[in-house]
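Enquirer: the amino acid sequence is not available; the structure is as follows:
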């Protein structure tokens, strides 16, 4: 039994292009600084003394900035290639994060958050387009999972270190987050400099790359709508759970960081092997439906999570939800696109997440302020159940989609 474990891991990670590993390395460096967003609600409420509604506005502006950034990025990626967009996204977001840490007035923080998000999130469509270029149809889902592994290993380090730094000085979060963005930009410059993304894209074009715009792809539009609902529910992990852990459960910043880090550790340890074992045994949409149902179970039980043990159970459910859903969401997007329009498909897919980033904190903060956390959990459960059903319906209409 033990002799097969190294082979299993070798097969799970084997066959991926060198460029995919480089892109994952860039993601890892960048996400090691994932601190500001995780602690922004706690920082805004307890350090800057904003109200819950004001914190919701700040986080909503993060979503608006994200939507703006990914839309513009998607337009530019198909024209300029991924390299320039990735590089300048990281440089500008790094510098702006350091500046954001010096702002303390509500309006200034709102404006700063918008521009940090717009520049930082422009990275996503470029990164997804690059993965699509450097991976084959057979390795796309695992390439996405490797990228997610890098994100989650970084995410494991980021909140844990961030919780430690926040207990001393919140301003350190902005400096470390900004510097890791600049370090990631340096990695792009050093290791991807020789790759001409324009030529790479042209080399992938064929006479059959005249597929319609994603905005005319009705199946993909419905998929993105369902994705918005899932993302609204999932983003409570970032926007609201840290505040819930602090205000309701009484956890310290260090304990909050540790609990959130558990999510990244589990994804890093399990996801690649899980995808290798299950891919092809079921349709992508069925796996997404399963992931949404697991998140539904988390929110149904959230009102009863009143001890550390149950908080850990909740984090396990969230983690397995994303491992089943998110790699196949990205893979489904790539499947419906090609080299000539992947930037636009990546942009629209990223915009669905960005829209959720706008709605999620604004909706959650208002519900908490007027009705309390339990009403929020029930609404999130309803959204997850709707996504579960929607993906099953899409899968049954198999004549419209490729499994």
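Expert: Perfect, I can see it now. This structure is a prediction, so every number in the text was calculated from the model and none was measured.

Enquirer: rest of the way, CA atoms for contacts and neighbours
Expert: OK.

Enquirer: pLDDT weak spots in the protein?
Expert: Within the chain, the ranges that satisfy pLDDT under 70 run 1-5, 8, 33-34, 155, 193-211, 339, 398-403.

Enquirer: helices and strands around the helix or strand hosting residue 79, which ones?
Expert: Assigned by DSSP states H and E, residue 79 belongs to helix 52-80. Helix 52-80 is packed against helix 36-42, helix 82-100, helix 106-121, helix 123-134, helix 197-204, helix 342-370, with contacts defined by 3 or more CA pairs under 8 Å, 6 or more residues apart in numbering; DSSP states H and E.

Enquirer: next, the buried residues of it.
Expert: 52-78 (16 or more other CA atoms under 10 Å).

Enquirer: what does stretch 359-372 give?
Expert: Buried residues in stretch 359-372, counted by 16+ other CA under 10 Å: 359, 360, 361, 362, 363, 364, 365, 367, 368.

Enquirer: contact partners for the fifth one?
Expert: The reference is to residue 363. With contacts defined as CA atoms under 8 Å, 6 or more residues apart in numbering, residue 363 is in contact with residue 56.

Enquirer: roughly how far apart are it and residue 69?
Expert: The gap separating residue 363 from residue 69 is 22 Å, by CA to CA, to the nearest Å.

Enquirer: swap in the last one?
Expert: In this view, residue 368 and residue 69 are 29 Å apart by CA to CA.

Enquirer: point to the residue nearest the middle of the protein.
Expert: Nearest residue to the geometric centre of the chain (CA atoms, centre = their mean): residue 353, 7.8 Å.

Enquirer: that one and residue 272, how far apart?
Expert: Following CA to CA, the distance that separates residue 353 from residue 272 is 23 Å.

Enquirer: with residue 232 instead?
Expert: Going from residue 232 to residue 272 by CA to CA gives 25 Å.

Enquirer: what do you get for residue 77?
Expert: 28 Å.

Enquirer: ok, residue 116 next?
Expert: Relative to residue 272, residue 116 is positioned 31 Å away (CA to CA).

Enquirer: please apply the same query to residue 67.
Expert: For residue 67, the distance to residue 272 - CA to CA - is 29 Å.

Enquirer: now do residue 91 against residue 172, distance only.
Expert: 18 Å.

Enquirer: go on, residue 60?
Expert: Noted for residue 60: a distance of 23 Å to residue 172, by CA to CA.

Enquirer: got it, and residue 327?
Expert: For residue 327, the distance to residue 172 equals 32 Å [CA to CA].

Enquirer: between those two, which one's more packed in?
Expert: residue 327 (25 against 17; other CA atoms under 10 Å).

Enquirer: touching, that one and residue 141? I think so.
Expert: Yes: taking CA atoms under 8 Å as the definition, residue 327 is a contact partner of residue 141 at 6.0 Å.

Enquirer: that older thread, which among the helices and strands packed on helix 52-80 is found nearest to residue 185?
Expert: Residue 185 lies closest, by CA to CA, to one member of the helices and strands packed on helix 52-80: helix 82-100, at 5.3 Å.

Enquirer: residues contacting that closest one, please?
Expert: With contact meaning CA under 8 Å, 6+ apart, helix 82-100 is reached by 73, 76-77, 109, 112-113, 115-117, 119-123, 126-127, 129-130, 174-175, 177-182, 184-185, 188-189, 192, 196-197.
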